[in-house]
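Novice: here you go, sequence then predicted model.
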Amino acid sequence: MTTGFTGSSELNGETEEESGAPFDPDATGVIPRITLDLGSAGGATDQDTDKDPARQSDEAESDAEADPEDQADAEAKTDAEADAGTDGEAEDEAGAEVETDADADTTTAIRLPAAFRVGGPPTVPDVTSASASPSPSPSPSPSPAKPSTPMKPTEEPAEEPAPDTSANPAAGADVKPAEPRKDASPEAPSAAQPAAPPTTPFRATPPQASPQKPAEAPSQTPAQVAPQAPAQARPAASQESKAPAKSAGAAPGTSRAPKAAATPTGRAARVGGLLSSAPKWLPALLTVEGLILYVLALRVPPGPLRGVDPADINGLGLIAALPASAFAALLIMLVAFFVTVAQSTDRKFLLLFQIATLTFALHGAGALVATEPRFPTAYIHAGFVDFIGRTGETAISIDARMGWPGFFALFAFVTKAAGITDMTPILMWTPLLSNLLYLLPFVLILRQVVATTRARWFAALLFILVQWIGQDYFSPQGFTFALYLAWVAILLRWFGRVEPRTKPVPDKGLRKWLGRLDAMTPGEIANTGMYRADKLLMLTLLLALFFASTASHQITPFMMLGVITAFLIFKRTSLTWALPFFLGLVVLAWISYQAVGFWAGQIDAIFGGLGKIFDNLQRNTGDRIAGSDPAHALVLKARLGILVVILSLAAVGLLRRLRRGVFDRAALILLCVPVLALGLQSYGGEIGLRIYMFALPGACLLASYAFFPNLPADSADVREETVPIRKRNVRFNPELTRKLSVLLAAGFAVLFAMAFLVARYGNEKFERVTTGEVAAMHYVYAHDKPSARVLYLVPKEGPEVTPTMPWGEKDVELVNFAGQALVYKDPSNITGALQKLKASERNTFLAVTRGQVSYLQLNEGFPEGWGEKFRAALDASPELKRVYSNEDAALYTLKKFVRGTEIPDPRPYKGRGDPTSPWTPVGIGALALTWMTLFAYEVIRLQGPKRAPRARRLLLFVAIPAFVIAVGVIAERFIYIALNN
């Protein structure tokens with residue numbers, strides 16, 4: 001069976017086939033086998049629709065004489081098929097006809113008339129079966145048939161059993177036509193239309209009976225039908241050789257068919273074969289074509305239908321400058337993706353390639369258009385890497401982010417080991433590489449949920465389309481988000497737990513509803529077990545990911561800790577409660593011992609936002625829209641619109657799964673746990689962006705269920721996708737619903753793709769970094785000996801306003817970017833900037849850049865043309881002099897300094913010693929003891945729930961007091977250091 005992207009579906013040694021159950025290849029991607037169904041002894045099929053009255057009357061008589069047990073089986077089969085179509089939203093069952101294309105991937109049973117048998121000499125047909133199920137009428141032939149003689153009573157043959165076709169059902173060469181009956185049955189042709197056997201044993205549809213008049217078909221009783229002798233096969237063979245061949249799999253007797261009906265050869269055959277195999281190569285061709293068209297549309301010189309002119313970027317962002325050919329290319333790639341998804345097979349490599357190309361088109365657009373790396377904040381992160389690489393130490397006194405230096409230290413080691421001196425290519429392509437990296441663990445997460453193939457791949461597509469927040473640049477949060485996804489994937493894949501409910505559901509009250517939820521089908525795939533060494537290895541990797549996140553980012557460890565705690569509460573992991581206490585102590589210890597320079601003296605700033613949910617929500621939503629440019633306000637509303645739509649689809653998907661008796665606890669946990677961070681501090685007004693980023697995996701998975709909520713066909717609890725646990729009356733045509741689901745999903749995908757370009761690149765006017773701005777900063781670095789200071793423009797002073805220019809790329813210990821120059825909407829009013837410059841020390845530069853001016857215009861309501869007028873006012877001031885300028889940036893200093901005296905006195909950087917407390921050594925010892933005992937407890941528990949209970953109790957007796965002491969010392973350090981600093 002095919003697992004691949006859909007995960008293993010074989011549980012308890014059961015095979016995925018089940019008799020009487022309809023098979024849906026769209027759900028699992030399994031390419032079904034073509035089976036041979038020889039039908040009844042008389043060769044009757046379900047496709048015999050065009051029949052003459054004589055045949056219908058005989059069939060009615062034969063039905064009356066049929067075996068009651070066979071009729072009961074047929075009625076049971078009909079009822080099963082009716083039940084299989086009760087779900088209105090499910091996909092329809094495959095048709096009964098077989099496509100002539102060899103690449104067709106629908107499940108089909110080939111029915112053969114009873115006149116054909118597999119292997120061996122022809123046998124005498126059963127008299128009763130022949131009259132009950134007459135064979136289809138052959139094509140007319142000019143030679144008359146011999147009249148048959150009635151059978152004597154002594155010549156009545158004994159009934160022979162039907163030939164066994166299970167020995168070699170696929171041997172097409174052994175299938176031979178039986179001799180035609182020369183009787184006067186209703187199906188026997190008249191003298192004007194002699195009988196001729198069908199020429200093809202394998203058909204996509206059963207052979208149709210030729211119309212005959214009732215008078216030409218004399219009726220005879222079964223006793224008058226004479227048995228056929230082997231000697232009579234020769235005339236039938238001659239008639240068969242004259243009949244035209246109807247398929248490529250015709251019997252050997254069809255070699256002398258007319259040329260008009262022969263199989264096409266040469267160029268026509270090649271063209272026909274190419275067209276018939278179009279479903280295999282056309283989606284890949286469309287994807288490559290769309291990708292090439294997209295790259296050309298963005299990289300060639302600007303024109304009417306191609307190229308991007310940066311001057312066209314306005315308040316709507318990059319979408320205002322994209323040519324029409326870029327949108328056409330995106331549409332082509334999306335159509336190719338859904339054409340592949342709509343097919344019956346799970347073409348995982350092609351689908352992964354298509355999603356990768358869409359990721360390149362959407363998240364790589366900035367790199368294709370820009371001349372310098374985007375996001376001004378990425379440059380200060382490069383400066384941290386440069387500092388650690390030069391000095392070998394961190395500097396938390398320079399910036400609080402250096403208190404979590406894991407990400408910067410990693411790249412400092414890599415760049416120094418590889419001899420990389422220019423990080424521009426890394427900064428340029430990090431957003432694209434980050435999103436491609438996110439796909440790998442997210443696909444592994446999707447493998448562990450009980451969902452159809454279409455639901456999983458559509459969730460992966462949504463994960464790319466709605467990730468507009470732009471936190472994937474060269475930053476610790478972008479790096480640790482990949483670690484977070486890998487953490488969740490390991491929890492679900494190697495430590496997942498799915499246990500059926502054994503307790504009875506309570507009769508009433510809240511416990512009744514909770515019991516019903518608990519008794520539903522789990523939305524996750526159970527872990528089938530692994531070796532002990534593998535468990536220990538994955539547990540070690542789990543801890544390593546958490547340690548790396550703790551040393552690199554402030555929020556990611558709390559998200560990981562919340563997920564594993566929720567998994568334990570809802571019984572979705574085989575790990576124990578020792579691990580959350582272990583990991584929680586790691587986070588507290590890092591903050592207390594390694595980030596002292598961050599929190600010492602500013603306890604109120606750290607914990608002041610606790611519990612202020614509505615204030616934090618306002619600062620992340622309403623404050624970002626108020627006072628914006630009208631066009632740019634649409635960008636911010638588009639971001640909120642994407643959030644509302646994706647959450648609404650997630651709610652619909654959750655409800656549709658609940659109606660099918662499935663409770664997706666893991667997806668719900670991944671969606672809801674990050675929302676709890678709203679109760680924490682505002683995080684510089686960006687906590688909402690972090691919550692959205694970490695909630696995306698669960699939201700996208702549940703949103704895909706809004707379109708494809710059914711269970712896969714190879715589920716352990718529900719063997720057919722069209723029959724969920726709770727059956728309902730048929731409300732819609734299943735085939736219609738299947739097509740509408742794909743069309744609706746494609747429509748929302750196109751909508752999200754267009755909204756993504758607005759939401760992600762709506763800030764392009766000030767997030768884009770130009771070559772002139774980088775050159776101005778390099779001038780500062782060339783004149784920062786022994787130190788320098790840069791003032792940037794702000795509409796209001798505050799600690800949460802960051803420069804919108806490429807600051808801090810080099811010499812972070814020498815150049816101070818903390819100065820803020822207050823500006824006003826009146827460009828001629830330069831008093832705020834002038835006063836700040838006069839109050840600053842020597843070698844201070846006032847920087848006016850294109851990015852800062854664009855930010856003031858789009859977000860603070862500054863008038864159009866403000867930047868040029870402001871620079872003109874600065875140039876006209878008698879107290880200022882311009883030391884550097886280009887089209888995108890200008891630097892100003894005071895004129896009062898005599899040449900050479902503007903250089904300040906040397907001020908070398910000195911690292912600050914971290915304050916401590918008297919109980920610190922005791923706390924460190926307690927930490928080490930707690931970690932060792934809790935880790936040993938978890939390792940023993942991996943061997944089994946009943947393994948070494950006495951040793952585990954002893955470890956807990958040691959770990960609990962040590963944990964209390966360690967936490968007490970951490971609290972003592974917070975109080976002691978805060979009061980003494």
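Specialist: Alright, I've got the coordinates.
Novice: next SSE downstream of the helix or strand in which residue 359 is found?
Specialist: Element membership for residue 359 (DSSP states H and E) is helix 348-363. Helices and strands here follow DSSP H and E; after helix 348-363, the next one along the chain is helix 365-369.
Novice: other residues contacting that next one?
Specialist: By CB atoms under 8 Å, 6 or more residues apart in numbering, the surrounding residues in contact with helix 365-369 are 295, 298-299, 308, 310, 318, 321-322, 374, 428-429, 431-432, 757, 761, 764, 768. From N, CA and C alone the C-beta is placed, and that goes for glycine too.
Novice: kindly export stretch 836-850 (C-alpha atoms) in CSV.
Specialist: Backbone C-alpha positions of stretch 836-850 (Å, rounded to 0.1, in the frame of the first residue of the first chain) are rendered in CSV as follows:
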residue,chain,number,x,y,z
LYS,A,836,18.8,67.1,19.6
LEU,A,837,21.9,67.5,17.5
LYS,A,838,23.3,70.4,19.6
ALA,A,839,22.7,68.4,22.8
SER,A,840,24.6,65.3,21.5
GLU,A,841,28.3,64.7,21.7
ARG,A,842,30.8,65.2,19.0
ASN,A,843,30.8,63.1,15.9
THR,A,844,27.0,62.8,15.8
PHE,A,845,25.2,62.5,12.5
LEU,A,846,21.6,63.3,11.7
ALA,A,847,20.5,60.8,9.1
VAL,A,848,17.7,61.5,6.6
THR,A,849,16.9,58.5,4.5
ARG,A,850,14.2,57.5,2.0
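Novice: report the mean per-residue pLDDT for that stretch.
Specialist: Taken as a whole, stretch 836-850 has an average pLDDT of 89.
Novice: same question, stretch 893-904
Specialist: The predicted confidence, averaged over stretch 893-904, sits at 68.
Novice: same deal with stretch 654-668?
Specialist: 91.
Novice: so which helix or strand takes in residue 483?
Specialist: Taking DSSP H and E as the criterion, the element that holds residue 483 is helix 476-494.
Novice: mind giving me the packing neighbours of that helix?
Specialist: Using 3 or more CB pairs under 8 Å, 6 or more residues apart in numbering; DSSP states H and E as the contact definition, the elements that helix 476-494 packs against are helix 406-418, helix 424-446, helix 532-550, helix 556-569, helix 687-705.
Novice: what residues sit buried inside the single longest helix found in the chain?
Specialist: As far as residue count goes, and with DSSP state H defining each element, the longest helix of the chain is helix 949-980. Of the residues in helix 949-980, 952, 955, 958-959, 962-963, 965-967, 969-970, 972-974, 976-977 count as buried by neighbour count, 16 or more other CB atoms under 10 Å.
Novice: out of those residues, give me the two with the largest separation.
Specialist: 952 and 977 (36.5 Å; CB to CB).
Novice: what ranges of the stretch 851-981 of the chain fall below the confidence cut-off?
Specialist: Under the criterion pLDDT under 70, the flagged ranges of the stretch 851-981 of the chain are 897-913, 981.
Novice: that one: helices as residue ranges?
Specialist: Across the stretch 851-981 of the chain, reading from the start of the chain, the helices by DSSP state H, counting those that start in this stretch fall at 866-876, 920-942, 949-980.
Novice: quick check: which of those is nearest to residue 568?
Specialist: Between the helices of the stretch 851-981 of the chain, helix 920-942 lies closest to residue 568; by CB to CB that is 12.4 Å.
Novice: check which helices and strands that closest one sits against.
Specialist: Contacts of helix 920-942 with other secondary structure elements, assessed using 3+ CB pairs under 8 Å, 6+ apart, are made with helix 532-550, helix 578-594, helix 949-980.
Novice: the longest one vs helix 578-594, what angle?
Specialist: With axes from the mean of the first three to the mean of the last three CA atoms, to 10 degrees applied, the angle from helix 949-980 to helix 578-594 works out at 30 degrees.
Novice: and if you look at the first one?
Specialist: With the same axes, to 10 degrees as the basis, helix 532-550 and helix 578-594 are set at 30 degrees to each other.
Novice: so where do the strands sit in the stretch 701-850 of the chain?
Specialist: For the stretch 701-850 of the chain, the strands identified by DSSP state E, counting those that start in this stretch occupy 788-794, 815-822, 844-849, in order along the chain.
Novice: buried ones in the helix or strand encompassing residue 382?
Specialist: Secondary structure assignment for residue 382, by DSSP H and E: helix 377-391. Taking 16+ other CB under 10 Å as the neighbour-count basis, helix 377-391 is seen to contain the buried residues 377-389.
Novice: of the residues you listed, which is the nearest to residue 567?
Specialist: Proximity of the buried residues of helix 377-391 to residue 567 was ranked by CB to CB; the top entry is residue 381 with 32.3 Å.
Novice: please verify my assumption that the closest one contacts residue 477.
Specialist: No: at 10.5 Å, residue 381 and residue 477 do not qualify as touching, with contact defined as CB atoms under 8 Å.
Novice: rewinding a little: just the angle between the helix holding residue 382 and helix 424-446, please?
Specialist: Computed by the same axes, to 10 degrees, the angle between helix 377-391 and helix 424-446 is 110 degrees.
Novice: tilt between helix 377-391 and strand 815-822?
Specialist: Orientation of helix 377-391 against strand 815-822 (the same axes, to 10 degrees) gives an angle of 150 degrees.
Novice: quick one: helix 377-391 to helix 406-418, angle?
Specialist: Counting by the same axes, to 10 degrees, helix 377-391 points 60 degrees away from the direction of helix 406-418.
Novice: packing partners for helix 377-391?
Specialist: helix 406-418, helix 424-446.
Novice: so, low pLDDT: which residues of this structure?
Specialist: Regions of the chain meeting the criterion pLDDT under 70 cover residues 1-265, 344, 528-529, 601-628, 679-685, 713-732, 800, 897-913, 981.
Novice: please redo it, this time with the cut-off set to 50
Specialist: The model of the chain has pLDDT under 50 over residues 1-72, 74-78, 80-261, 621-627, 715-729.
Novice: residue 535 against residue 942, yeah?
Specialist: Yes: look at residue 535 against residue 942 with CB under 8 Å: they come within range, at 4.7 Å.
Novice: is it possible to get JSON lines of the buried residues of helix 377-391 that adds distance to residue 542?
Specialist: Shown next, in JSON lines, are the buried residues of helix 377-391 (distance: CB to CB, whole Å):
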{"residue": "377", "distance to residue 542": "30"}
{"residue": "378", "distance to residue 542": "30"}
{"residue": "379", "distance to residue 542": "34"}
{"residue": "380", "distance to residue 542": "31"}
{"residue": "381", "distance to residue 542": "27"}
{"residue": "382", "distance to residue 542": "30"}
{"residue": "383", "distance to residue 542": "33"}
{"residue": "384", "distance to residue 542": "28"}
{"residue": "385", "distance to residue 542": "27"}
{"residue": "386", "distance to residue 542": "32"}
{"residue": "387", "distance to residue 542": "31"}
{"residue": "388", "distance to residue 542": "27"}
{"residue": "389", "distance to residue 542": "30"}
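Novice: closest to residue 600 out of those residues?
Specialist: Checking the buried residues of helix 377-391 against residue 600 with CB to CB, the nearest one is residue 384 at 20.3 Å.
Novice: now for the closest one: which residues touch it?
Specialist: When the contact criterion is CB under 8 Å, 6+ apart, the partners of residue 384 are 399, 401, 402, 405, 408, 808, 812.
Novice: now do the closest residue to the fourth one other than its chain neighbours against residue 379, distance only.
Specialist: Residue nearest to residue 405 in three dimensions, not counting chain neighbours: residue 394, with 4.4 Å by CB to CB, 6 or more residues apart in numbering. Relative to residue 379, residue 394 is positioned 18 Å away (CB to CB, to the nearest Å).
Novice: can you check residue 931 too?
Specialist: Relative to residue 379, residue 931 is positioned 38 Å away (CB to CB).
Novice: what does residue 688 give?
Specialist: From residue 688 over to residue 379 the distance is 24 Å, taken as CB to CB.
Novice: check residue 393 too.
Specialist: According to CB to CB, residue 393 stands 21 Å off from residue 379.
Novice: repeat for residue 518
Specialist: If you measure residue 518 against residue 379 using CB to CB, the figure is 51 Å.
Novice: burial of the residue nearest to residue 941 when sequence neighbours are not counted, as a residue count?
Specialist: Excluding its sequence neighbours, the residue lying closest to residue 941 (CB to CB, 6+ apart) is residue 576, at 5.2 Å. Residue 576 has 18 neighbouring residues, counting by other CB atoms under 10 Å.
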